[in-house]
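J.: sharing a model that was predicted from the sequence below.
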Amino acid sequence: MQALNTYLDTHKDRFLNELLDLLRIPSVSADSAFAKDVARTAEFVRDALVAAGADNVEICPTPGHPIVYGEKIVDEKLPTVLVYGHYDVQPPDPLDLWTSPPFEPVIKKTKLHPEGAIFARGACDDKGQMYMHIKAFEMMMKNDALHCNVKFMIEGEEEVGSDNLGPFIEANRERLAADVCLVSDTSIIANDVPSITTGLRGLSYVEVEVTGADRDLHSGVYGGAVANPINVLSKMIASMHDENNHITIPGFYDAVETVSDAERTEMNKAPFDLEYYKNDLKINDIRGEKGYTTLERTSIRPTLDVNGMWGGYIGEGAKTVLPSKAYAKISMRLVPNQKDEEITELFRKHFESIAPDSVTVKVTPHHGGLPAVTPTDSVEYKAAAKAMQEAFGKAPLPQRSGGSIPIVSLFENILNVKTVLMGFGLDSDNIHSPDEHYGVFNYYKGIETIPHFFKYYAEMK
Ligand code: BES
Ligand code: MN
Ligand code: MN
């Protein structure tokens, strides 16, 4: 693999500059004002795949944002790796909390990234991590070192729920046939503690609307006699956790898989410094479900959180008003074997049942997804572990993550392929948040690791 390391060294600066160009395009999938930029980003990815040496590269339209496909079939008899990633990003707001503009990438040093990190929306999630695969592919192509077939499927709607990916996969089963799916869209524990993600949480996401009177009222004339939907909603939300921070929706935990004591003990051996955690987040204390550690609360236990809440007067100064409506967006992170559709239904029933007669309520489901767990005794896990061992000089730890990538279960159910979650970000890289960044070390380390995975996977398969 010396040739590859030399190639990486020679082309380092170009690899970085190309990523910076990709990060300059604001591919915000949630906001239709950016639709042209999203389309331009798909073209960028297409051109990068062509330049790296992929065949049959195509921008596949969907009813939403397009999916970019490309492949290199070296030999039909060799195993095939399907690389999945996403080129869309989260909206950058609140803009004023960024220390540099989100679509003008700059490299700045941080405590955890002394070699520098690229600050931009999408740097880590997922443009930086996705682009590592295109560069690793280029290295393998240019050095005659690709010993697997590879297919790329890079989508533009991950951050809005991948609605069009399922139908695309259904319609392209043959074209997407593969032995394994490889995804870099998760994190490692630390730059000197490599890890492989072995689980993701599922997601049920709902929006609720609470209506009191049919119009806004004077809060003096009517206040005290007519229900205030914001007060009511706050109380309803507060009642959904008990004093132990258990979720109170009847049946919510019924399907939750009990993790064995042995597994929990193992899980809690992962390095975790509570003082550092609190200090980093500038919190005096943590809060969570009684009986579980922080690592468990963010991986093997389900959650319910308000993501946003609004209603009434939020302009400058004071307006005395008894609002007609209150809203909230609520997400529930799910663990095996909870099913998002069932949980959404339990939520709806419960929410309707606790609403007082003084208001009417409406629950609208948004996107959801199933949780996923991946085995550690599979060929693909072992190949990934060996690849990381070689690149980091240390064996990776398996770790379940709290985030969600709902398409992982689709790959398994529709294509019958298992996924390896070999991500290189850090949890502290501020994904979805102002000042998102991705370590330059992590970018190069990923590019170095990926060809090792291909090599070991081909050998071991
Ligand atoms: N890459 C993340 C998921 C992730 C982040 C997994 C960190 C593990 C560690 C992905 O882009 C994402 O943000 N997913 C969404 C769900 C999606 C349906 C919008 C999430 O987890 O909120
Ligand atoms: Mn992502
Ligand atoms: Mn994301």
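T.: Sure thing, it's come through. Ligands and ions are numbered 1, 2, ... in the order given.
J.: report the contact partners of Ile189.
T.: Ser195, Ala270, Pro271, Leu397, Gln399 (CB atoms under 8 Å, 6 or more residues apart in numbering). Just so you know, the C-beta spots here come from the backbone N, C-alpha and C atoms, and that holds for glycine as well.
J.: what number of residues lie near the fourth one?
T.: Neighbourhood size, Leu397 [other CB atoms under 10 Å]: 19.
J.: thinking again about what came up before, who wins for neighbours among the contacts of Ile189?
T.: Going by other CB under 10 Å, Ser195 tops the contacts of Ile189 with 25 neighbours.
J.: make sure that residue is actually in contact with Arg400.
T.: No - Ser195 lies out of contact with Arg400 (CB atoms under 8 Å); the separation is 10.0 Å.
J.: rewinding a little: of the contacts of Ile189, which belong to strands?
T.: Residues of the contacts of Ile189 located in strands (DSSP state E): Ser195, Leu397, Gln399.
J.: need those residues in CSV with distance to Ala225, can you?
T.: Listed next are the ones in strands among the contacts of Ile189 as CSV, based on distance: CB to CB, whole Å:
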residue, distance to Ala225
Ser195, 57
Leu397, 59
Gln399, 54
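J.: now the residues you listed as JSON lines including pLDDT and distance to ligand 1?
T.: JSON lines is the format used below for the ones in strands among the contacts of Ile189 (pLDDT from 0 to 100; distance: CB to the nearest ligand atom, whole Å):
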{"residue": "Ser195", "pLDDT": "98", "distance to ligand 1": "11"}
{"residue": "Leu397", "pLDDT": "96", "distance to ligand 1": "15"}
{"residue": "Gln399", "pLDDT": "95", "distance to ligand 1": "10"}
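J.: contact partners for the nearest residue to Asn245 once chain neighbours are set aside?
T.: Residue nearest to Asn245 in three dimensions, not counting chain neighbours: Glu289, with 4.7 Å by CB to CB, 6 or more residues apart in numbering. By CB under 8 Å, 6+ apart, the residues touching Glu289 are Asn244, Asn245, His246, Arg297, Arg301.
J.: for the residue lying closest to the first one once chain neighbours are set aside, give its distance to ligand 2.
T.: Ranked by CB to CB, 6+ apart and with sequence neighbours excluded, the top spatial neighbour of Asn244 is Lys290, at 3.8 Å. Computed with CB to the ion, to the nearest Å, the distance linking Lys290 and ligand 2 is 31 Å.
J.: surely Lys290 touches Asp242?
T.: No - when contacts are counted by CB under 8 Å, Lys290 is not listed as touching Asp242 (9.3 Å).
J.: next, the closest residue to ligand 1 within the chain: phi, psi?
T.: Taking CB to the nearest ligand atom, ligand 1 has its nearest neighbour within the chain at Gly403, 2.5 Å off. Dihedral pair for Gly403: phi -70, psi 180, per degrees, to the nearest 10.
J.: list the contacts of it.
T.: Thr186, Leu200, Arg201.
J.: surely Ile107 is in a strand?
T.: Yes - per DSSP: H, G, I helix; E, B strand; the rest coil, Ile107 lies within a strand segment.
J.: what number of residues lie near the residue lying closest to it once chain neighbours are set aside?
T.: Spatial nearest neighbour of Ile107, excluding adjacent residues (CB to CB, 6+ apart): Gly116 at 4.4 Å. By the measure other CB under 10 Å, the count of residues near Gly116 is 16.
J.: shouldn't Gly116 be in contact with Val106?
T.: No - Gly116 lies out of contact with Val106 (CB under 8 Å); the separation is 9.5 Å.
J.: report pLDDT for His367.
T.: We note a pLDDT of 85 for His367 in this prediction.
J.: hmm, back to that, residue contacts, the residue nearest to Asn244?
T.: Asn244, Asn245, His246.
J.: again with Val408
T.: Val408 touches Cys181, Val183, Leu200, Ala372, Thr374, Thr419, Leu421, counting by CB under 8 Å, 6+ apart.
J.: next one: Ala318
T.: Ala318 touches nothing, counting by CB under 8 Å, 6+ apart.
J.: give me the secondary structure label for it.
T.: Going by three-state DSSP: Ala318 is coil.
J.: how close does it sit to ligand 2?
T.: Taken as CB to the ion, the span from Ala318 to ligand 2 is 41 Å.
J.: which pLDDT value belongs to that residue?
T.: 96.
J.: SS state for the residue sitting furthest away from the middle of the chain?
T.: Largest separation from the mean C-alpha position in the chain: Val221, at 47.7 Å (CA atoms, centre = their mean). For Val221, the assignment made with three-state DSSP gives coil.
J.: so Tyr438 sits against Cys124, correct?
T.: Yes - contact criterion CB under 8 Å: Tyr438 and Cys124 qualify, at 3.9 Å.
J.: for those two, indicate the residue with more neighbours.
T.: The neighbour count for Tyr438 versus Cys124, taken as other CB under 10 Å, is higher for Tyr438 (31 against 27).
J.: doesn't the more buried one belong to a helix?
T.: No - assessed with three-state DSSP, Tyr438 is strand; it does not lie in a helix.
J.: ok, back up a step: from the contacts of Gly403, pick the one nearest ligand 2.
T.: Thr186 (8.1 Å; CB to the ion).
J.: so the closest one makes contact with Thr197?
T.: Yes - contact criterion CB under 8 Å: Thr186 and Thr197 qualify, at 4.1 Å.
J.: neighbour count for those two, which is higher?
T.: Thr197 (28 against 23).
J.: and the more buried one, bridged to which residues?
T.: Gln399, Leu421 (DSSP bridges).
J.: against Ile249, how distant is the nearest residue to Gly368 once chain neighbours are set aside?
T.: Distances taken as CB to CB, 6+ apart place Asp340 nearest to Gly368, at 3.3 Å, with adjacent residues excluded. Note on Asp340: its distance to Ile249, by CB to CB, to the nearest Å, is 14 Å.
J.: and the strands in the stretch 101-250 of the chain?
T.: 106-108, 117-119, 149-155, 180-183, 187-188, 195-200, 202-211 (DSSP state E, counting those that start in this stretch).
J.: and these: which comes nearest ligand 2?
T.: Nearest to ligand 2, of the strands of the stretch 101-250 of the chain and by CB to the ion, is strand 180-183 at 8.9 Å.
J.: tell me what the closest one is packed against?
T.: strand 80-86, helix 379-392, strand 418-421, helix 440-460 (3 or more CB pairs under 8 Å, 6 or more residues apart in numbering; DSSP states H and E).
J.: what's the second one packed up against?
T.: When you say that, I think you mean helix 379-392. strand 180-183, strand 195-200, strand 418-421, helix 440-460.
J.: what angle do that helix and strand 80-86 make?
T.: Inter-element angle recorded for helix 379-392 and strand 80-86: 70 degrees (by axes from the mean of the first three to the mean of the last three CA atoms, to 10 degrees).
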